[in-house]
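*Asks:* Pasting a predicted model and its sequence here:
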Amino acid sequence: MYRSLFPVLLHASTAVAGPAVSPEVEYTLQARVLLQDDNDARATLLAVSQDAVPEGTLDWDDVIDDLPAWLTREGIQPPSRAVMQEVSEALRIRLPRVTCTARDVVPLGSPEIAQYTLACMVPDVEPAFAAYRAMRSGDDADRDALSDAFFATFAARLRGDTAVAHLSTAVGWSSFRHGDVHAARAEHLYRTVLFGLLPFAEWDRRIASGAGRDGHEGPGE
């Protein structure tokens, strides 16, 4: 899922922690390191403590390569090879541009444990929902054509400039100072970004319930 992250969890740094940053700033900087390999964010965290710095970045290659097989496992008709290539290329371009910000950190009984919200700016794929619904409700004879039509539209939305906030909450250590945060936060980022980019599970629930436009989700791993 991510490169070179676990070695940092196998030892305790002896570095002396510097001036504290807020939990929101800490997680936001760590997200910039994990998502964009941001050297400025890494340097800011390093000035606080070596323990604050994630080791490695999120790796999306396996997710993209596995997408046709994942779609099949989920009962979603994959598109033709050419259209799937468009989707894969759009994901490879767009994923490094997704930014996430931590907000609303709320202590739960003690300052060490908190609930926090992660807001990730993902492409607005909602306009592709109508084509997705048509694909899911279409006749078997039209399945291939409907799949190509949806995924071509979906790829175009991934390449678009419009972004929307996809929100996710989690509970864990409020700071690296209280415990190992990196693996859990990398997992939270990973799932939040993918659920925002690939909201098919939520769309299926909306189709089943007859709901309207609102919603955002996607697969996990």
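*Replies:* Good, I have the coordinates.
*Asks:* before we move on, what SS does the residue of the chain most remote from its centre have?
*Replies:* Computed with CA atoms, centre = their mean, the residue of the chain farthest from its C-alpha average is residue 141, at 34.2 Å. Applying DSSP: H, G, I helix; E, B strand; the rest coil to residue 141 yields a three-state assignment of helix.
*Asks:* Describe which strands the one helix or strand in the chain whose mean pLDDT sits lowest pairs with in its sheet and in which direction.
*Replies:* Taking mean pLDDT, DSSP states H and E as the measure, the chain has strand 99-110 as its least confident helix or strand, at a mean of 89. Strand 99-110 pairs in its sheet with strand 113-123 (antiparallel), by DSSP bridges.
*Asks:* Need the contact partners of the helix or strand following the strand it pairs with.
*Replies:* Using DSSP states H and E, the helix or strand that follows strand 113-123 in sequence is helix 129-137. Residues from elsewhere that reach helix 129-137 (CB atoms under 8 Å, 6 or more residues apart in numbering): 76-77, 143, 146-147, 149-150, 153-154, 200, 203-204, 206-207, 213. No exception for glycine: its C-beta is placed from N, CA and C like everyone else's.
*Asks:* same thing but at 6 Å, please
*Replies:* Helix 129-137 is contacted from outside by 146-147, 149-150, 153, 203, 207, using CB atoms under 6 Å, 6 or more residues apart in numbering.
*Asks:* same thing with stretch 166-183?
*Replies:* Stretch 166-183 has contacts (CB under 6 Å, 6+ apart) with 9, 23, 26, 51-52, 54, 112, 114-115, 117-120, 122, 184, 188, 192, 196, 216.
*Asks:* try 7 Å this time
*Replies:* Residues from elsewhere that reach stretch 166-183 (CB atoms under 7 Å, 6 or more residues apart in numbering): 5-6, 8-9, 17, 23, 26, 49, 51-52, 54, 105, 107-108, 111-120, 122, 184, 188, 192, 195-196, 216.
*Asks:* related to what we said a few turns ago, could you tell me the model confidence score at the residue farthest from the centre of the chain?
*Replies:* Note for residue 141: predicted pLDDT of 81.
*Asks:* before we move on, what about the one 5 residues further on?
*Replies:* Residue 146 carries a pLDDT score of 97 in this model.
*Asks:* hang on, isn't it packed against residue 138?
*Replies:* Yes - between residue 146 and residue 138 there is a contact at 4.4 Å, judged by CB atoms under 7 Å.
*Asks:* Look at those two and report which has more neighbours.
*Replies:* It is residue 146, of residue 146 and residue 138, that has more neighbours when counted by other CB atoms under 10 Å, with 20 against 16.
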